[in-house]
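Chemist: Sequence plus predicted model, see below.
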Amino acid sequence: MDFPNTIKQQLFAFIDQISFFDQDICQLNQVNNSLLFEHDIHKQNNQNGKQKLTSDLIIKLVSNKSNFCSDQFINKLNESLQKINPLLQQFTMNTVFKENKEQIDFSKISEEKLNLIEDYVKHQVFLSNREQQYEKEIKDSQEVKQMILIINSKMSFLSNEFKEQFEKFLIDVKPFLKQIDFTNSFTHQSKFDFFRSLNDETINNFYFEGLTLKDIELFATKFQNGQTNSLVNKKQNGDFEIQKKNDDNFVNIIQNTNLQKDLKYVFRIQVESINEGNQFMIGLMRNLNADQNSGYQECLSCYLKYQNQSIIKYGNSGISKELKGADFKTSRENMIEMRLCLKEQILEVVDYPNYQYKLGLEDQYKQKLTQFDDLRFYLGIWYQGNKIVLKDAKIVNEFRNQI
């Protein structure tokens, strides 16, 4: 006997005879008992682990919130399925769901979220049908246009490839963007518009010039009566004037905070007044030693001298390795720039703005940059009447003219 076909034929004949809502249960049981008898003959063919088809399983699948079935329909269907449940249980299946998949429990999702999902599905249907007018309306919507405006800002520095991918993503998820209020996107609309209008050259200047260290202060240490023998004056424009007042003893002029290891710093000084043959120092020193020793004893300094109307490298106090140009030399009208990044063991002195010369820290001293946590910018001066001005102190993203 072909048992599956027999069952199939009897089931169809049975369904033709019943009403899902009014059939007498006794008549139903008579037919069902006949099917049960035939099934018992073949039950030895059933394998362990198979799942029975039941009315509860069907109702569970149909009543999923994602189907949006009414309660009336589900109740009626349940009543009908309960009548033929014994018959349904004669059928088994290896699995209900696809491999590595299971039913999503939409009962734990709010009506609001479920409505969003419904909108998203409808949205995807329109997009898959390639309805150009619909896609154009999506691109012109306030939500998508506002987000594209933000990512297209020159200050975002995003690649064109990423922008294209993000625009496609916005179009794809447009129904979910309605959860965001775009009416007040910016705290300062005018500032956003200002930065958006900047040309590439101006943006590059922002990038390299970085952020001014507004909180920086300079002061003379107690070493060799520095606080008495020197004067530190902060001008209204932010410049610091350092002047040696009395004798020709060396004094340390140091900043008020420790340098952070992972930041890139730029300090620029200009020699405003100096006599022929006078020397001075620019470099780093430990705050721990600021009141006891001269800064150049750390071997993290550049030793400079004024000679023949030029500022030249004079001796070796750490920053003396020639990285660009030979025989460092610059004029008083130009500035001297010291750039550093402790984490990357960079400590250099260059002529600004020409960048024709570059002096670097000797290799044997580089470990000090990462070894100590209290390193600070400092200037060292000897001679009465000398005046040096700190013009810039910045945190930058990159160093200019890096080689």
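Modeler: Thanks, I have it. Residues are numbered from 1 along each chain as shown.

Chemist: show me where pLDDT drops low in the stretch 51-200 of the chain?
Modeler: Confidence mapping of the stretch 51-200 of the chain against pLDDT under 70 gives the ranges 51-52, 65-66, 91, 93-94, 154-155.

Chemist: and residue 182, what are its phi and psi?
Modeler: Note on residue 182: its backbone torsions stand at phi -100, psi 10 [degrees, to the nearest 10].

Chemist: now residue 55
Modeler: Reported as degrees, to the nearest 10, the phi and psi values for residue 55 are phi -60, psi -40.

Chemist: Can you tell me the element the residue lying closest to it once chain neighbours are set aside falls in?
Modeler: Once flanking residues are discounted, residue 55 sits nearest to residue 81: 3.5 Å by C-beta to C-beta, 6 or more residues apart in numbering. (C-beta placed from N, C-alpha, C; glycine too.) Assigned by DSSP states H and E, residue 81 belongs to helix 71-83.

Chemist: ditto for residue 125
Modeler: Counting by DSSP H and E, the element that carries residue 125 is helix 111-128.

Chemist: List of residues touching that helix?
Modeler: For helix 111-128, the external contacting residues (C-beta atoms under 8 Å, 6 or more residues apart in numbering) are 65-66, 68, 106, 109, 134-135, 171-176, 179.

Chemist: redo that, cut-off 6 Å
Modeler: Contact with helix 111-128 is made by 134, 175, as judged by C-beta atoms under 6 Å, 6 or more residues apart in numbering.

Chemist: Could you list the buried residues of the next helix or strand after it?
Modeler: Scanning forward in sequence from helix 111-128 by DSSP H and E, the next helix or strand is helix 132-139. For helix 132-139, burial by neighbour count (16 or more other C-beta atoms under 10 Å) applies to residue 138.

Chemist: What of stretch 90-103?
Modeler: For stretch 90-103, a neighbour-count test (16+ other C-beta under 10 Å) marks residue 90 as buried.

Chemist: what's the answer for stretch 363-383, then?
Modeler: Residues of stretch 363-383 classed as buried: 365-366, 368-369, 372, 375-383 (neighbour count, 16+ other C-beta under 10 Å).

Chemist: mind giving me the domain ranges of this structure?
Modeler: Listed by automatic domain parsing, the domain ranges of the chain are 3-108, 111-198, 213-396.

Chemist: count of residues packed around residue 269?
Modeler: Residue 269 sits with 24 neighbouring residues when counted by other C-beta atoms under 10 Å.

Chemist: I figured it hits residue 338, correct?
Modeler: No: assessed by C-beta atoms under 6 Å, residue 269 is found out of contact with residue 338, at 7.8 Å.

Chemist: about what we covered before: with only the CA atoms kept, save the helix holding residue 81 in PDB.
Modeler: Taking C-alpha atoms only, helix 71-83 is exported to PDB below (Å, rounded to 0.1, in the frame of the first residue of the first chain):
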ATOM      1  CA  ASP A  71      -8.000  38.300  16.900                       C
ATOM      2  CA  GLN A  72     -11.300  37.200  15.400                       C
ATOM      3  CA  PHE A  73      -9.600  35.400  12.600                       C
ATOM      4  CA  ILE A  74      -7.100  33.700  14.900                       C
ATOM      5  CA  ASN A  75      -9.900  32.500  17.300                       C
ATOM      6  CA  LYS A  76     -11.900  31.100  14.500                       C
ATOM      7  CA  LEU A  77      -8.900  29.400  13.000                       C
ATOM      8  CA  ASN A  78      -8.000  27.900  16.300                       C
ATOM      9  CA  GLU A  79     -11.500  26.500  16.900                       C
ATOM     10  CA  SER A  80     -11.300  24.800  13.500                       C
ATOM     11  CA  LEU A  81      -7.800  23.400  13.900                       C
ATOM     12  CA  GLN A  82      -8.700  22.000  17.400                       C
ATOM     13  CA  LYS A  83     -11.300  19.800  15.700                       C
END
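
Chemist: And that helix, what does it pack against?
Modeler: helix 55-62 (3 or more C-beta pairs under 6 Å, 6 or more residues apart in numbering; DSSP states H and E).
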